[in-house]
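Asks: the following block contains a protein sequence and its predicted model.
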Amino acid sequence: MNQEIRMTVEETIRGVLSDHGRLAIPVESLTDETDLFGAGMTSHASVNVMLALEDAFDFEFPEKMLKKSTFESIDAIRSAVAEMAGG
Amino acid sequence: MTAMTPSGMRVGMDLVEVAQVAESVERFGERYVSRIYTDHEIACCRRDGRDSRGTTYAVESLAARFAAKEAVLKVLRPGDEQPAWRSIELHRMTGGWCEIRLSGRAAELATEAGLGELVVSLSHEATLAAAVVVGWCTP
């Protein structure tokens, strides 16, 4: 994934987290590795994050990816998006 | 919150804001509902008309069911192997109470843990929904 696409993906992920993550801390303060569940994201919020990511990237997560670790950090989400995008 | 007593009892509970579920129904519609709830649960929570939020679902009932599913997960202790939400069903009985019916990976986890029947209590008011689930492990 080249740097420009990587930044766009990260901006989209951060936007989704800002809109749907219900985090206890500002999205701007998250590092790529911050534990999102530790930062206040509930299981229900993670469902909304999943659906919003599907809307943003125009794919549907398969059942095997619907686990906590897929959504535990920005880094993990970026990896999942890359896997879904085939790269 | 999960606790285990020496007798092998497991307890899980969860609390959900009704407004969050209402927002999800409003924002994502049937995609949200169909990814989380079984056909039976959807039928139980569907309203004849629209409520004051404009939804066709009893969102407080959906919220109670989501809380119950999360409470079941706390009893199953799946680690990262999260079973599908729809593999945990709140089955409403004729008398009005609910039973938990598991399928797929959720059922496998219960078997592996030696869990027999899980019992559930649901509650909700205008803003919050809660569920408590209790199960007994047989070694």
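Replies: Perfect, thanks for sending it.

Asks: quick check: pLDDT value at the residue of chain A found nearest chain B.
Replies: In chain A, no residue comes nearer to chain B than residue A:67, which is 4.2 Å away by C-beta to the nearest C-beta. Glycine gets a C-beta too; all of them are placed from N, C-alpha and C. Note for residue A:67: predicted pLDDT of 83.

Asks: and if you look at the one 10 residues further on?
Replies: Here the pLDDT value assigned to residue A:77 is 96.

Asks: how about it, what does it touch?
Replies: Counting by C-beta atoms under 8 Å, 6 or more residues apart in numbering or on different chains, residue A:77 touches A:13, A:49, A:53, A:70-71.

Asks: by pLDDT, give me the weakest of these.
Replies: Among those, residue A:70 has the weakest pLDDT, 91.

Asks: that residue against residue A:76, yeah?
Replies: Yes. Residue A:70 lies in contact with residue A:76 (C-beta atoms under 8 Å); the separation is 6.1 Å.

Asks: so for the two, which sits in the more crowded spot?
Replies: Neighbour tally, residue A:70 and residue A:76, criterion other C-beta atoms under 10 Å in any protein chain shown: the higher count belongs to residue A:70, 22 against 17.

Asks: spatially nearest residue to that one (excluding sequence neighbours)?
Replies: Spatial nearest neighbour of residue A:70, excluding adjacent residues (C-beta to C-beta, 6 or more residues apart in numbering or on different chains): residue A:80 at 5.0 Å.

Asks: tell me the SS of that neighbour?
Replies: helix (DSSP: H, G, I helix; E, B strand; the rest coil).

Asks: what count of nearby residues applies to it?
Replies: 19.

Asks: strands of chain B, start to end?
Replies: For chain B, the strands defined by DSSP state E occupy B:2-4, B:9-17, B:88-92, B:98-102, B:119-124, B:128-136.
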